[in-house]
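> Generate a structure from the sequence data that follows.
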Amino acid sequence: MAYISFQPSDHFNTKLWTGNGSTNALTSVGFQPDWVWIKQRGGTTDHHFYDAVRGVTKALASNTTDGETTKSTGLTAFGSDGFTLGADGGVNGSSNTYVGWCWKANGQGSANTDGSINTTYTSANTTAGISIIQYTGNSTSGATIAHGLGAVPKVFMCKKYNSSGDSWRMYTEMTGNGSQLALDQTSAADSGNSAMWNSTSPTSTLITLGNHTGVNGNTDTFICYAFAEKKGFSKFGSYTGNGNANGTFVYTGFKPSFVMCKKTNSADDWGTFGYFPSFNLIDRFLYPNANNAESTGIAPGDLLSNGFKLRTTDGKFNGSSDSYVFMAFAEHPLVSSNGVPATAR
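Now for the predicted structure:
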């Protein structure tokens, strides 16, 4: 039984709001967020990533290969209990609805010299297994960067941001160190790709890079979001779909608040669900790789006290005999330090 000594909402939380087209100070997140992922739910605007390492107003989009853009009216401040937005339509257009996923790292962090590449900043939350890393590439196969987690990350994603043209490159333990996924693409996991991670798995201190321009271009600047699994708070794994409305059950050990899935054996969209407070069946999701509005045409599944159960035959989530990886973060552990068990929605 998953038992943890902290509340998940102290390190990850979801915020929903309606934009006001002006200054909008959002609170009740529960902590100062260091990475905020924002998507307009009802419109076809890009996803917006802001983090405390690169600084306010500096946006990246998960659904494009664009570099960093400065949005003076985007996310303008990180607060002790939330964040402040300007009038930018991607994050706060008047009367539009939005979701913001918020993770706590360790502020802007500091330089780390444990790897062969000295990071500009490593912002690591060792309690929850969340790290944000900024570094400059050197195009050397086998170069390493320090993540500061003190545990092996199961998932991390890297993005070159000083210029456009390179995808978000994602490592997962489930697909292995010779493979990668692209967050902005529908592509299946590739194989035999030593240029990304130098066919080397991460350790409890270091991430190894190949010489691919998407993760280690010479003099290019990169941001990396890395996650180590923490029992009762986060789960990174795989499952096989059954193509049935009575779908696969995936155990996480907690009630999920955020689930992101990707088919790995063939091309298909990414899917993220769990953010909207509703009773089962969860009936909406977003596409991290596309600017699509929130989809209500497919009901991905049920969120349960100890995992999630797929309830769709759609190939994005539950194709027959298809292989999937997932990331999940908790709303509530199965049993937390206060002794209260989680219940399904």
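> For residue 211, see how far away residue 27 is.
Using C-beta to C-beta, to the nearest Å, residue 27 is found at 44 Å from residue 211. For every residue, glycine as well, the C-beta is placed using N, CA and C.
> more crowded one of these two?
Neighbours per residue (other C-beta atoms under 10 Å) separate residue 27 from residue 211, with residue 211 holding more: 19 against 12.
> ok, now how distant is that one from residue 220?
Residue 211 is 12 Å from residue 220, by C-beta to C-beta.
> Quick check: neighbours shared by those two?
With contacts taken as C-beta atoms under 8 Å, 6 or more residues apart in numbering, residue 211 and residue 220 have no neighbour in common.
> what ranges do the helices span in this protein?
Listed in chain order, the helices of the chain (DSSP state H) span 89-92, 194-197, 213-216, 315-318.
> Can you point out the buried residues in the first one?
Neighbour-count burial for helix 89-92, with 16 or more other C-beta atoms under 10 Å as criterion, is recorded at 90-92.
> which residues sit in contact with residue 268?
So residue 268 contacts 186, 262, 315-316, 319 (C-beta under 8 Å, 6+ apart).
> related to what we said a few turns ago, with distance to residue 58 and mean pLDDT as added columns, please give the helices of the chain in a markdown table.
As requested, those are exported to a markdown table (distance: least, C-beta to C-beta, whole Å; pLDDT from 0 to 100):
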| stretch | distance to residue 58 | mean pLDDT |
| --- | --- | --- |
| helix 89-92 | 13 | 98 |
| helix 194-197 | 25 | 96 |
| helix 213-216 | 19 | 98 |
| helix 315-318 | 30 | 96 |
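> And the ones you listed: which comes nearest residue 45?
For the helices of the chain, proximity to residue 45 was assessed by C-beta to C-beta; helix 89-92 is nearest, at 4.4 Å.
> so how far is stretch 72-80 from its chain's centroid?
How far stretch 72-80 lies from its chain's middle: 20 Å, per C-alpha atoms, centre = their mean, to the nearest Å.
> To clarify, my last question referred to stretch 152-168.
12 Å.
> If you average the pLDDT over it, what comes out?
Taken as a whole, stretch 152-168 has a mean pLDDT of 98.
> Now it: buried residues?
The neighbour-count check on stretch 152-168 (16+ other C-beta under 10 Å) flags 152-161, 166-168 as buried.
> Repeat that for stretch 312-323.
In stretch 312-323, counting by 16+ other C-beta under 10 Å, buried: 312-319, 322-323.
> give me the number of residues near residue 226?
Neighbourhood size, residue 226 [other C-beta under 10 Å]: 26.
> doesn't residue 207 make contact with it?
Yes. With contact defined as C-beta atoms under 8 Å, residue 226 counts as touching residue 207 (6.7 Å).
> what touches both of those two?
133, 147, 153, 156.
> residues contacting the nearest residue to the first one once chain neighbours are set aside?
By that I understand residue 133. Distance criterion C-beta to C-beta, 6 or more residues apart in numbering; nearest residue to residue 133, sequence neighbours excluded, is residue 224 at 4.2 Å. Residue 224 sits next to 131-135, 145, 147, 156-159, 207 when contact means C-beta under 8 Å, 6+ apart.
> Can you get me a residue count around residue 41?
18.
> how far away is it from residue 274?
14 Å.
> now do residue 107
Residue 107 sits 27 Å away from residue 274, going by C-beta to C-beta.
> So the two - more neighbours on which side?
The residue with more neighbours, out of residue 107 and residue 274 and counting by other C-beta under 10 Å, is residue 274; that gives 25 against 15.
> I'd say that one and residue 301 touch.
No. Taking C-beta under 8 Å as the definition, residue 274 is not a contact partner of residue 301, at 9.3 Å.
> Could you tell me which residues touch both of those two?
Joint contacts of residue 274 and residue 301 (C-beta under 8 Å, 6+ apart) are 282, 308.
> ok, back up a step: list just the nearest of the buried residues of stretch 312-323 to residue 257.
Nearest to residue 257, judged by C-beta to C-beta, of the buried residues of stretch 312-323 is residue 317 at 17.3 Å.
> surely the closest one meets residue 300?
Yes. With contact defined as C-beta under 8 Å, residue 317 counts as touching residue 300 (5.1 Å).
> Mutual contacts of those two, please.
With C-beta under 8 Å, 6+ apart as the test, residue 317 and residue 300 both reach 261, 271, 310.
> What are the buried residues along stretch 95-106?
96-106.
> pLDDT on it, on average?
Mean predicted confidence for stretch 95-106 is 98.
> Start and end of that stretch, how far apart?
End-to-end distance for stretch 95-106, by C-alpha to C-alpha, to the nearest Å: 33 Å.
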